[in-house]
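S.K.: Sequence first, then the predicted structure:
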Amino acid sequence: MIKLSSYRDFEALLLGASIYAAGGGGDPVRGLELVKRVFVDRHRALEVLDVDEAGGGCTASVYEVGTVAPSARLRKAARVANTVDRALELLRSRLGVELSTFHPVELGGGNTAVTLYAAGLANLPVLDGDRVGRAAPEIHQDTAILFGKSLAPAVAVTPTGNEVLILSYADVDDYEAMLRNLSILAGTHVTVIDAVMSVEEARRVLIRGSLTKCLELGKAVLEAREKGIFVPRVVAEHMGGWVVMRGIVKSWRWRNEGGFLHGEMVIEGVEEHRGRVLRSLVKNEHIAAWLDGEPLVLPPDILTLLSRDGEPILNSRVVEGMEVWVVAAPAPAVWRSERGLELFGPRRFGIDIEYEPVEVLVRRLGLL
C-alpha cells in the first residue's frame, strides 16, 4: 500500500500520468487542483492499494469523455455544479451500487485525477492499476472490453444537466456513440462511472502497478529538474523508451470534430536531428508517427512530447514554433495481443499497415 498526502506526492503522480498520456488524458493543472482540494487542503491521505490488498467488494472508474480541443466550450449554461458528486449519488441511489474502491480508466493528468477526486469525495481507496496503461481516445481501448467485461451499468452526467443511466448496450460501438454524443451535446465532456466489477475481476482486467509507475516517473522528473539533469532522457529510461527527436513544431493543424481533437503535427529536427521531419497523427492523443516518411511509432505504442524540463506538452497546448523533445515508448504487452491490436492497432485508426513494435522501428531508423 502507498499513502499519498503531500502536494508533491500528487504532483509527482499526475506528472507521471500526464507523460504516459501521449498528449491527451485531460488537463493536469485542473487535475492537481481537484486532488489538492479533497486531500492536501483537508490534510487527508489517499490509500493506493495493490489489488491483492483490497479484499472483497466492488470497484469502478470515474472519468470524463470528450474532446480535448482548446476551442471546446459548454453549449448551454452549466446546471450541475459537481458532475462527479452527482454521478456518485446516482450510482448509489438509482443503481444501488456500493463501491469499496475506485480505479482509473486510463493514465492522464485529468482522467486519473478525476478518479482520485471521486475517491476523496467517497472516502475510499484507489487500486494500483488502470485499464489502458496510457491515455486513449476511444472507449474501445479498454482492457475491460479486451477481456469481455461489460462496462454497464453506467452513469453519465453532463455539466449542462443531462443525466443518463445505461443498463446495457448493444455493443461497444453503440456505447462509445452514446457517451460521445452526450459530450457533443454538452460541448465539452460527460462524466462517466462504469466498469463496476468485483475486486476478483479487477485482478484479471487491470494493468496492475501503473499508478506506482506514474508516481516513480513523476518523482524522477522532479528530482532531475532539481539536480539539473537532462530530463527527457530520464523520462525515456523510466518508460523503457527513447528520445527520438529534438525539434520545432513546424505546423499543427487541428479540428474539433465528432467529440475529438483531430489533427496532424509536423516537427522539424534541430541540432543532432537537423534535416529530419516527424509527422504525427492525432486523435486526442498522438496515435502514430512517421520519421522522414517511415513509420516510427504505431498504435498502441506511445509517443509523448516534452519540454526541456520534462513537462508533458498536451496536444491542446501545442503551438507552432514550440521546441519539443519527443519520446517514444512501448505500450503494455496486453495491447500487442491479437485482440489488443483489433482494438488499438493501426487499422483501428484507418492506418493500413501491419503493426510493428516501436523497438523494431526505432532500430530500423537508426535511432538507438
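M.R.: That came through, no problem.
S.K.: Mind jotting down where the strands sit in the stretch 251-368 of the chain?
M.R.: Under the criterion DSSP state E, counting those that start in this stretch, the stretch 251-368 of the chain carries strands at the ranges 260-269, 277-283, 285-291, 294-297, 302-306, 323-329.
S.K.: could you dump these to JSON lines with mean neighbour count?
M.R.: C-beta: built from backbone N, CA, C; applies to glycine. Conversion of these to JSON lines gives the following (neighbours: other Cβ atoms under 10 Å):
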{"stretch": "strand 260-269", "mean neighbour count": "20"}
{"stretch": "strand 277-283", "mean neighbour count": "22"}
{"stretch": "strand 285-291", "mean neighbour count": "24"}
{"stretch": "strand 294-297", "mean neighbour count": "21"}
{"stretch": "strand 302-306", "mean neighbour count": "27"}
{"stretch": "strand 323-329", "mean neighbour count": "23"}
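S.K.: In CSV: the ones you listed, plus mean pLDDT.
M.R.: Compiled in CSV, these are given as follows (pLDDT from 0 to 100):
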stretch, mean pLDDT
strand 260-269, 98
strand 277-283, 99
strand 285-291, 99
strand 294-297, 99
strand 302-306, 99
strand 323-329, 99
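S.K.: What I need now is the ones you listed written out in JSON lines, including distance to residue 357 for each item.
M.R.: Formatted as JSON lines, those follow (distance: least, Cβ to Cβ, whole Å):
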{"stretch": "strand 260-269", "distance to residue 357": "22"}
{"stretch": "strand 277-283", "distance to residue 357": "18"}
{"stretch": "strand 285-291", "distance to residue 357": "13"}
{"stretch": "strand 294-297", "distance to residue 357": "10"}
{"stretch": "strand 302-306", "distance to residue 357": "12"}
{"stretch": "strand 323-329", "distance to residue 357": "11"}
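S.K.: can you list contacts of the lengthiest helix in the chain?
M.R.: Across the chain, the longest stretch assigned as helix under DSSP state H is helix 210-227. Outside helix 210-227, the residues that touch it by Cβ atoms under 8 Å, 6 or more residues apart in numbering are 2, 4, 8-9, 11-17, 19-20, 48, 104, 107, 112, 126, 128-130, 133, 230-231, 234-235, 238-239, 309-310.
S.K.: ok, what's across the strand from the residue lying closest to residue 296 once chain neighbours are set aside?
M.R.: Nearest residue to residue 296 in three dimensions, chain neighbours excluded: residue 289, at 4.6 Å (Cβ to Cβ, 6 or more residues apart in numbering). Here residue 289 sits in beta bridges with residue 280, residue 297, as judged by DSSP bridges.
S.K.: can you tell me which residues contact residue 289?
M.R.: Under the criterion of Cβ under 8 Å, 6+ apart, the contact partners of residue 289 comprise 278, 279, 280, 281, 295, 296, 297, 303, 326, 328.
S.K.: Mind doing that once more with 7 Å?
M.R.: By Cβ atoms under 7 Å, 6 or more residues apart in numbering, the contact set of residue 289 is 278, 279, 280, 296, 297, 303.
S.K.: ok, the fourth one touching residue 361?
M.R.: Yes - distance between residue 296 and residue 361: 5.6 Å, which falls inside the contact criterion (Cβ atoms under 7 Å).
S.K.: still on that earlier bit, narrow the contacts of helix 210-227 to those that are buried.
M.R.: Burial by neighbour count, judged by 16 or more other Cβ atoms under 10 Å, picks out 2, 4, 9, 11-17, 19-20, 48, 104, 107, 112, 126, 128-130, 133, 231, 234-235, 238-239, 310 from the contacts of helix 210-227.
S.K.: how near is the most centrally placed residue in the chain to residue 60?
M.R.: When the chain is reduced to its mean C-alpha position, the closest residue under Cα atoms, centre = their mean turns out to be residue 135, at 2.6 Å. As for residue 135, its distance to residue 60 is 19 Å (criterion: Cβ to Cβ, to the nearest Å).
S.K.: and the gap between the residue nearest to residue 296 and residue 351?
M.R.: Here the distance between residue 289 and residue 351 works out to 11 Å (Cβ to Cβ).
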